[in-house]
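Asks: Sequence plus the predicted model coming up.
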Amino acid sequence: MTLFGSWLKRKTTGLEPRPAPTAAREPVFAGANEFDALFEKGTRTAAGGNLTEAVRLYDQAIAADPSRAEAYYKRANALKDLGQLTAALTSYELAIERKPDYAYAYCNRGFVQHGLGLLPESLASYDRAIALEPNDALAHNNRGLLLQDCDRWPEALASYERAIAANPEFADAQYNRGVTLLYQGDFARGWRALEWRWKNSARLGIATLRQYPQPRWTGAEPLQGKRLLIYPEQGLGDTIQFARYATLCAARGATVILEAQRPLCELLALAARPRRQPVVPGHEAVSAADRR
């Protein structure tokens with residue numbers, strides 16, 4: 001069993017790599033081969049992490065053929081990842097001018113507008129992206145994040161559920177749905193949905209799920225006569241906030257072993273003294289537990 005809490009301040013977002021459009025080409029002209037070479041080199045360079053050089057290459061590709069939407073789109077993605085949101089917004093808009101049905105560009109434009117605080121404009125971009133690609137799970141998820149920031153929780157939940165309907169394995173949407181359910185007080189569904197956080201642990205900055213020989217307690221199994229290890233998952237504040245649930249586990253008949261970060265051991269030991277509940281630092285109590 002783990003202790004956590006401040007994840008409610010987090011939400012998963014971000015943009016997945018999107019393919020460039022494959023629209024019909026205009027008749028080949030002298031600069032076409034130059035454009036393709038520069039565009040492909042820019043894409044490889046961006047994938048390698050050198051975004052500044054990728055922007056330079058996309059600029060050269062655009063100079064070779066200013067009509068190609070995909071170069072503006074890829075350039076915008078690189079600028080977004082560099083944190084240059086205003087320049088990225090301009091580049092997405094230039095892509096959309098050249099390809100008005102460019103659903104991915106609308107989605108990414110919405111993300112950048114959200115980051116710039118242009119909330120109504122961002123919602124309009126997501127709505128347009130979804131109108132063009134109704135099953136784009138990322139657009140539904142990012143729309144949910146925007147609505148969440150606007151305190152429009154029921155609408156955010158509906159967007160996450162549409163994202164999940166389009167892609168049931170989309171961990172970001174599943175996790176964000178869990179956060180939304182908890183904020184709305186639907187704890188039964190919210191806590192279950194929050195188990196998806198383990199799919200995003202690196203991005204959320206939380207610990208990875210520990211692997212122990214003892215079975216994990218799901219809350220359904222009886223605890224009478226068992227030794228239960230409760231260990232911290234995130235920061236000191238989370239541990240302090242959730243350590244009180246050790247009392248509820250003890251009331252079910254468990255001998256609770258509370259693992260805590262070393263700076264908190266003395267404090268939590270004082271709180272646990274009336275129950276004679278051991279508080280241990282680090283991984284020292286694993287072998288003593290029947291469940292965790």
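Replies: It's in. Residues are numbered from 1 along each chain as shown.
Asks: quick one, strands of the stretch 1-150 of the chain?
Replies: With strands called from DSSP state E, counting those that start in this stretch, the stretch 1-150 of the chain shows them at 2-3.
Asks: Now do the buried residues in stretch 54-71.
Replies: For stretch 54-71, a neighbour-count test (16 or more other Cβ atoms under 10 Å) marks 54-58, 60-62, 64-65, 68-71 as buried. Where you see a C-beta, it was placed from the backbone N, CA and C, and this is true even at glycine.
Asks: Looking at those, which is nearest residue 194?
Replies: Residue 194 lies nearest to residue 54 out of the buried residues of stretch 54-71, by Cβ to Cβ, at 36.5 Å.
Asks: my guess is the closest one meets residue 80, correct?
Replies: No - if you go by Cβ atoms under 8 Å, residue 54 and residue 80 don't touch, sitting 11.8 Å apart.
Asks: Now compare the buried residues of stretch 54-71 and name the two farthest from each other.
Replies: 56 and 69 (19.1 Å).
Asks: Could you list the low-pLDDT ranges of the stretch 101-250 of the chain?
Replies: Counting by pLDDT under 70, the low-confidence segments of the stretch 101-250 of the chain come to 207.
Asks: For it, just list every one of the helices.
Replies: Secondary structure of the stretch 101-250 of the chain, counting by DSSP state H, counting those that start in this stretch: helices at 103-115, 119-132, 137-149, 153-166, 171-183, 187-193, 201-204, 236-242, 245-251.
Asks: Tell me which of these approaches residue 49 most closely.
Replies: Proximity to residue 49, assessed across the helices of the stretch 101-250 of the chain by Cβ to Cβ, is greatest for helix 201-204 (17.1 Å).
Asks: What residues of that closest one count as buried?
Replies: Residues of helix 201-204 classed as buried: residue 204 (neighbour count, 16+ other Cβ under 10 Å).
Asks: CA atoms only: put that helix into CSV for me.
Replies: The C-alpha coordinates for helix 201-204 follow below in CSV (Å, rounded to 0.1, in the frame of the first residue of the first chain):
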residue,chain,number,x,y,z
SER,A,201,5.2,7.7,-13.1
ALA,A,202,8.2,9.1,-14.9
ARG,A,203,6.4,12.1,-16.3
LEU,A,204,4.5,12.7,-13.0
